[in-house]
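Peer 1: Fold the following.
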Amino acid sequence: MKSLTLLWHQVLHEMGDLCCVSTTQDYNTVLRRVKDEGESFFTLTLPTFGEGLEKALSQEKVSPSLFPGFRFQKGLPAFLQGFLRLIFDPVSGRLVHTPSIDAVFAVRQLCCLYKKILLPCTPVREFKAIERYVNCDEGIKEFDIQFTSMEDIRASFRRTSNLLFRDVFSELDRMVWLFEPVPKHGPGKTADGLLGNKKFQQHTWPHRLEPYFPYGEYGIPGDHHDPFHDGVRYLDPGSELPVKVVTVPKTLKTPRIIAIEPTAMQYTQQALLEQLVRLLETDRTVSGIIGFSDQTPNNRLAELGSRDGSYATLDLKEASDRVSNQHVLAMCEDFPWFSGAVQACRSRKADVPGFGVIRLAKFASMGSALCFPFEAMIFLTVIFLGMQKRANRQFTRADIRRYSRHVRVYGDDIIVPVDMAPAVIEALDNFGYLVNSDKSFWTGMFRESCGKEYFMGEDVSIVRVRRVFPTSRNDVLEIISLVSLRNRFYEHGLWQTAKWLDEYIEGCAFLRHYPTIYPSSSGLGRHSIPFHYLERGSWFRMDPDLHAPVVKAYVPSVRPPVDRLDGVGALLKWFLKRGEEPFADKDHLERYGRPSSVSITAREVTPF
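Peer 2: Next up is the predicted model:
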């Protein structure tokens, strides 16, 4: 706690110097409130203040309701008022004619520094998050009744979906019919407990996968291996394992809810995911509208929207958990093989802590490989339904292509023309999707999308602390995170704070070797501009064999757990390999899977 307070004080001091603002009273306020409220002041109260600033920028006016728990003085919050006076008029509370970009960045940096630190929530908050997960599923069922009973709405949804995705779905329909999608195993946990190489020796297979992913084609290397002789056990729907719902750290306000899929489901979902994403990102109609691997188009539109107000950025609450399976069924209805494959590899039940096994109305939770692409496609369909209503006509493919530079969907990060925003929000609400008003912006000059924030065309994105500070050299993940934090401060221009962290790291002796390196180096060290590195030339030596400079630095290393694989499973793994190159790890049949720990080792590496 002391280290977090000292870091916050250092950032406050540097922000005060940047904006020529006195910060003594602000620091005294923090010390007093941290003493009373503990770490929740940094992780919950200050982020709420930061959200209030963002809404005030959107409304172009300050009001007391935006800053609960903070005293007002002369029309503005007393806390951080020196910075706020550079943004808002203290008499009227309205945005000044030329607000200070540096002050906006400073307040956001100070308030949201610890917003996403990875600390566990209290049991009460965890239970409430799980309860919302269950209640959300009940809410979906109510919207499903309306959707399935109103044929005109369902038909309009299908037509718009086909307009957007029919070429992609037709190709996937053909591929599934020919058993072309190639599956793969992910590195994570599974509901049935299979890890690493053991995933290539599956002995249970849901019976409903057989028409689309037959075990003889997908569970073993080829038909000459008789699946019945290999001891496979086919599962009826009633015998299938449910997904395992768990919580993982997100913020101290609420955890993230994810669902761990059974091995066979995860395996076959990956087969569809790979082809679906490839086709969507190369399709003539939607490749410019929907994205999965590149967030920069969203960032560019958000920046433009903050400059001239032409685009709205929308964010959805509980986006993944609100996608109805009825919407997915309607979307894929005209493509029976693809639709059947999607439904076959979808888990129908979930084991929820405190609630037992429940039947799912949602399509999938986070943890399913198909969750992200299908939520994006559903949202895009609903967006164009709202835009058609606003235009009072049905769109054609030409209309879709015309909007390809003005609409962008990346998961639940949505960007639409600002004049279409009210109609899009109404359409999303009608289909059961809730727009998060705290993170959606279509008035004022503040925009946020895909991890980037902009105000009046300027990037005001901040640095966030992800882990607590290390207390010994054994805290490897915390040390790596601390060095990364230092370098992100440096890249954002907070050089005084970066220097303070350098002194902290060296003073605590976490890293005996802490050289200046370039971001491309594999070692742990401080990033700097090139000429600064050359000034410290004594830190490196020329390797006589490589004829290149090398430095002594700590290098993170991981070692997969021992997990031997041979026989049919090893052959299957070889057939599932992508590309012509050999496996990156030559010992993959001896060691494989997600490492349980990370270590750092001092050795010579190139600084470049």
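
Peer 1: Arg256 contacts Ser365, doesn't it?
Peer 2: No: in this structure Arg256 lies outside contact range of Ser365 using C-beta atoms under 8 Å: 10.4 Å. Quick note: C-beta positions are derived from backbone N, CA and C, even for glycine.

Peer 1: what about those two, which has more around it?
Peer 2: Ser365 (23 against 14; other C-beta atoms under 10 Å).

Peer 1: Do you know the pLDDT at that one?
Peer 2: At Ser365, the model reports a pLDDT of 91.

Peer 1: and the closest residue to it other than its chain neighbours, how far is that from Val248?
Peer 2: Closest residue in space to Ser365, ignoring its immediate chain neighbours: Ala259 at 3.7 Å, by C-beta to C-beta, 6 or more residues apart in numbering. From Ala259 across to Val248, the span is 11 Å (C-beta to C-beta, to the nearest Å).

Peer 1: Please apply the same query to Ile415.
Peer 2: To Val248, Ile415 is 28 Å away according to C-beta to C-beta.

Peer 1: now swap in Leu329 and tell me
Peer 2: Applying C-beta to C-beta, the value for Leu329 to Val248 is 29 Å.

Peer 1: More neighbours: which of these two?
Peer 2: Neighbours per residue, other C-beta under 10 Å: of Leu329 and Val248, the larger number sits with Leu329, 15 against 12.

Peer 1: if I read this right, the more buried one contacts Ser339, doesn't it?
Peer 2: Yes: with contact defined as C-beta under 8 Å, Leu329 counts as touching Ser339 (6.9 Å).

Peer 1: rewinding a little: wait, what's in contact with the residue nearest to Ser365?
Peer 2: By C-beta atoms under 8 Å, 6 or more residues apart in numbering, the residues touching Ala259 are Val243, Lys244, Val245, Val246, Ser347, Ala350, Ala364, Ser365, Met366, Gly367, Ser368.

Peer 1: Give me the neighbour count for the last one.
Peer 2: Which is Ser368. 24.

Peer 1: Over to it: give its phi and psi.
Peer 2: Per-residue torsions, Ser368: phi -80, psi 140 (degrees, to the nearest 10).

Peer 1: Return the set of residues that bridge with it.
Peer 2: Legend: beta-bridge partners of Ser368 under DSSP bridges are Met366.

Peer 1: for the protein, where's the lowest mean pLDDT among helices and strands?
Peer 2: Scoring the helices and strands of the chain by mean pLDDT, DSSP states H and E places helix 530-535 at the bottom, with a mean of 48.

Peer 1: Give me the below-cutoff pLDDT ranges for this protein.
Peer 2: Scanning the chain for pLDDT under 70 picks out 223-230, 530-539.

Peer 1: who's sitting farthest from the centroid in it?
Peer 2: Computed with C-alpha atoms, centre = their mean, the residue of the chain farthest from its C-alpha average is Pro544, at 44.5 Å.

Peer 1: Pull up the gap between it and Leu304, please.
Peer 2: 53 Å.

Peer 1: do Thr497 as well
Peer 2: The spacing between Thr497 and Leu304, counted by C-beta to C-beta, is 30 Å.

Peer 1: So for these two, which residue has more residues nearby?
Peer 2: Legend: neighbour count by other C-beta under 10 Å for Thr497 and Leu304, higher for Thr497 (23 against 17).

Peer 1: Neighbours of Met150, how many?
Peer 2: Number of residues near Met150 (other C-beta under 10 Å) recorded here: 12.

Peer 1: Just the buried ones out of the contacts of Ala259, please.
Peer 2: Burial by neighbour count, judged by 16 or more other C-beta atoms under 10 Å, picks out Val243, Lys244, Val245, Val246, Ser347, Ala350, Ala364, Ser365, Gly367, Ser368 from the contacts of Ala259.

Peer 1: Max pairwise distance over those residues: which two?
Peer 2: Val246 and Ala364 (14.9 Å; C-beta to C-beta).
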